[in-house]
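Visitor: Below is the sequence, then the predicted model.
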Amino acid sequence: MSDTPNAPACRWPGAAADHSGFPDPGRDIAAGDAHSAEIVLAGGCFWCVDGVFRAVEGVLESECGYCGGAAETANYPRVCRGDTGHAEAVRLRYDPQRISLGALLKLFFSVAHDPTQRNRQGNDVGPQYRSAVFVADDQQRAVTEAYIAQLDAAGVLDDPIVTTVEPLEAFHPAEPEHQDYAARNPGAGYVRVVAKPKMDKLEKQFAGRVRS
């Protein structure tokens, strides 16, 4: 894949209306011949981010885990203490022929979390809940940083974006009980109050782009 400022941005399945009010990224990564690519996103509790992206056409796999700290402390009890350097993150494997990095970033910033909250998402407070994109190479960094600048310039959010763009040094998968948590626990209070509204927002703002 190549980073192409003039590449058709935001490859989406279908041609459904977009009601988010967010602009398409002006810079994206051309798909080339690839049918699989990865990006790691962090935006609060990983149950919520995972729940959103599992429903998106073109996402092949979503996995909860920890990024930004050492392997020795990459477990839920330690990360929840907020002193390990990790963020609760989600590793997405996607088909770039069906959805682009730019499209995933648009969903991340508009639906999956609030990128203006520093080291928190609502009542979840601490650096483990920070907004971050963990990039594997210069192409991912360039597209992410360009879109953040584009959103700030467009003024679509009331406050500046505080999302960090961090190098992906390692991704540590979370424990099995945290994988696909929202779908497996629809009656849980946290899912009903925090995760489900984000999933509903996805369906409302990006109708037709949700997996059938």
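Guide: Good, I have the coordinates. Everything quoted here is computed from the prediction, not taken from an experiment.
Visitor: Going along the chain, name the helices of this protein.
Guide: All helices of the chain, identified by DSSP state H, fall at 46-54, 76-79, 101-107, 138-154, 181-184, 189-190, 196-205.
Visitor: For those, give me JSON lines that also has distance to Ala34 and mean neighbour count.
Guide: Placement of C-beta: from N, CA and C, glycine included. Formatted as JSON lines, those follow (distance: least, CB to CB, whole Å; neighbours: other CB atoms under 10 Å):
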{"stretch": "helix 46-54", "distance to Ala34": "19", "mean neighbour count": "25"}
{"stretch": "helix 76-79", "distance to Ala34": "32", "mean neighbour count": "16"}
{"stretch": "helix 101-107", "distance to Ala34": "11", "mean neighbour count": "26"}
{"stretch": "helix 138-154", "distance to Ala34": "12", "mean neighbour count": "18"}
{"stretch": "helix 181-184", "distance to Ala34": "28", "mean neighbour count": "18"}
{"stretch": "helix 189-190", "distance to Ala34": "36", "mean neighbour count": "12"}
{"stretch": "helix 196-205", "distance to Ala34": "25", "mean neighbour count": "16"}
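Visitor: so which of these gets nearest Pro127?
Guide: helix 76-79 (9.9 Å; CB to CB).
Visitor: Need the residues that contact the closest one.
Guide: 66, 69, 73, 84, 86, 88, 128, 174-175, 178 (CB atoms under 8 Å, 6 or more residues apart in numbering).
Visitor: for those, which one is nearest Pro160?
Guide: Out of the contacts of helix 76-79, the member with the shortest distance to Pro160 (by CB to CB) is Gln128, at 21.7 Å.
Visitor: If I look at the residue of the chain most remote from its centre, what pLDDT would I see?
Guide: Distance from the centre of the chain peaks at Glu72, with 24.7 Å (CA atoms, centre = their mean). The per-residue pLDDT reported for Glu72 equals 98.
Visitor: Tyr190 and Trp47 touch, don't they?
Guide: Yes: judged on CB atoms under 8 Å, Tyr190 makes contact with Trp47 at a distance of 7.1 Å.
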